[in-house]
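In: I'd like to go over a predicted model; first the sequence, then the structure.
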Amino acid sequence: MTDKVEPQKADLTGQDRFAWNLMVSWASQLVLIFSGFIMPRLVDDKVGQAALGIWDFGWSFVSYLSLVGLGMGACFNRYVAKHRGAGELTLLNYVANSALFVQLIFAAVAMLATVLFYLLLPPYFGETLAENTHTAQLVILFLGAGVAFQMASGSASGLLTGYHRWDIHNALHAGDSVLSIILMVLALYLTELSVAGMAIGYLISTVIFQSLRFVFVNKVCKEFKFNLKMANWKTTKMLLKFGIKSMLSNIPPIILLQTISVMLVSSIGPAALAIFARPMALTKQIKTFMTKFTLMLTPTTGSMQGAGDAQAIQALFINTTKLSFAFALPTLGLLFIYGDVVLHYWMGAEYALWPLVMILAIGQLLPMGQDTSIRILMGMNQHGRISLFAFVTIFVLFGIGLLFTGLEQWELTTAALLFVIPMNIVYGIIVPIYACNELKLSLKTYIFNSLLKPFLYIIPFYTLLSLSRNEYNQGEWLNAWLFFGCAGIVTLTIYFYYLVPIQLRKKCLSRFKLQSP
């Protein structure tokens, strides 16, 4: 028996806050980009490429801790949004308190796993890491503690995003990054702790801002009542089932990338990983922008499903995928054409490997542009079978790739191909086809509206940008900048007329007196 309340006038699907949430999300991401650009260069200049490789190596190990959370984390926001939209406040509290209870257990397990990593590092990697072994141990210990604390506060993130307050969620994330970078720089320049001091700064910042999430939960989530007695096995089992399915869909790229990173350290060394990780970081920043957008689709879809509006979900899928490609095509295209130049001025000539950047850029297009597929499926709770299939297929394809490349004498381009080929087959082809089938959506309609149209829009951008790069290679910098600027202006004009909704377009034109109201 659940208590029902009168339907609220507010839009509980979150669509009325979508644009605002996205603007705040992307604004906060700019802070993360600044952090992501400045810290690797500072570490490389201050303590060297090997230390930067140790930092990347520590994150590679700690990323495996995401397995401990069984994918639950903040993904239960789908249930928060659904129960709140239906006025089922008792069920909402069952879900939130059950998630909090389980997350506390997962956090304790993650901390134990971190200590285990710390103890096992010398016997397994001591020969490869040599004098950097103890530093790597400390990096893993403090980064792991920070991840464990994030798990403990995962329910707060789930509540805020389930209430469609992505603006608060991302603002706190940005604040965490600002404080973290300040503490890291202080540790790097005022102490002798090197990257271990950076890990300590990360932990301090994490504890402060993850704690603040609960403060905002108390202010925003009025229907939520903290009471661990409401945690129950039935609700927990439902959340774990949903979380495991979500983990199977989200975790393969993480495991695949971190496995490749660890294998790079073992076969070539930490300096090679530092070179590989920099172009990967560029594509990751673009992907994070995309994820800030697609993550909001899960609770929105859950709310639509609760209202029984299947056609609205179809329209949401097509329109958001079109927008995803409209963002991914120019950004990844820019990286494909000018990526080595960016790396040269960012990190130095030894990092500017153009073939590596091109493989990672073009190889991320299909999976990144169609991240909407799995997010929509998660919102419908129809992601179980495809997630399991994707999980198995990714590593089967990776294993087949290893049979052809071998484990010895790896090159960085080999590592890149072993990452992008499985990702394209699974997340670029199989998952979108499955999503169309579940939504009873014509594949031809999907491809034409979501993929082909954005590609046609972007052809002038690619043409002008290629001319710009040609002029740059010949030393004609002024011409290169002119073509570059024209590429941006032409693309923005095309996007304005073909992607911006007609009512918003008319409003913008009339505001600048380019069209009568």
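Out: Sure, I can see it.
In: and the helices in the stretch 401-517 of the chain?
Out: 412-425, 431-438, 443-446, 453-473, 477-498, 502-511 (DSSP state H, counting those that start in this stretch).
In: with distance to S66 and mean pLDDT added, can I get those helices in a markdown table?
Out: Placement of C-beta: from N, CA and C, glycine included. Shown next, in a markdown table, are these (distance: least, CB to CB, whole Å; pLDDT from 0 to 100):
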| stretch | distance to S66 | mean pLDDT |
| --- | --- | --- |
| helix 412-425 | 17 | 91 |
| helix 431-438 | 20 | 92 |
| helix 443-446 | 30 | 90 |
| helix 453-473 | 31 | 93 |
| helix 477-498 | 35 | 91 |
| helix 502-511 | 38 | 67 |
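In: in CSV: those helices, plus distance to A231 and mean neighbour count.
Out: Converted to CSV, the helices of the stretch 401-517 of the chain look like this (distance: least, CB to CB, whole Å; neighbours: other CB atoms under 10 Å):
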stretch, distance to A231, mean neighbour count
helix 412-425, 37, 20
helix 431-438, 31, 19
helix 443-446, 41, 14
helix 453-473, 45, 17
helix 477-498, 47, 15
helix 502-511, 44, 12
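In: looking at those, spot the one closest to E131.
Out: In terms of CB to CB, the element of these nearest to E131 is helix 412-425, at 24.4 Å.
In: closest one to M238 among the helices of the stretch 401-517 of the chain?
Out: helix 431-438 (20.2 Å).
In: could you say what helices and strands the closest one packs with?
Out: Applying 3 or more CB pairs under 8 Å, 6 or more residues apart in numbering; DSSP states H and E, one finds that helix 431-438 contacts helix 371-380, helix 384-405, helix 443-446.
In: show me what counts as buried in the longest one.
Out: Same thing as helix 384-405. 384, 386-387, 389-391, 393-394, 397-398 (16 or more other CB atoms under 10 Å).
In: nearest to V139, of the residues you listed?
Out: F398 (26.3 Å).
In: which residues are in contact with that closest one?
Out: 256, 259, 418, 422 (CB atoms under 8 Å, 6 or more residues apart in numbering).
In: which members of those are the farthest-apart pair?
Out: Between any two of the contacts of F398 (CB to CB), the greatest distance is 11.4 Å, for T259 and P422.
In: and the helices of the stretch 401-517 of the chain as a markdown table, adding distance to Y163?
Out: A markdown table is the format used below for the helices of the stretch 401-517 of the chain (distance: least, CB to CB, whole Å):
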| stretch | distance to Y163 |
| --- | --- |
| helix 412-425 | 32 |
| helix 431-438 | 26 |
| helix 443-446 | 31 |
| helix 453-473 | 32 |
| helix 477-498 | 31 |
| helix 502-511 | 25 |
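In: I'd like the helices and strands packed on helix 431-438 as JSON lines, with distance to A271 appended.
Out: JSON lines is the format used below for the helices and strands packed on helix 431-438 (distance: least, CB to CB, whole Å):
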{"stretch": "helix 371-380", "distance to A271": "32"}
{"stretch": "helix 384-405", "distance to A271": "21"}
{"stretch": "helix 443-446", "distance to A271": "44"}
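In: quick one: which of those helices is nearest W481?
Out: Using CB to CB, the helices and strands packed on helix 431-438 put helix 371-380 closest to W481, at 32.6 Å.
In: let me see the mean pLDDT of that closest one.
Out: The pLDDT scores in helix 371-380 average 87.
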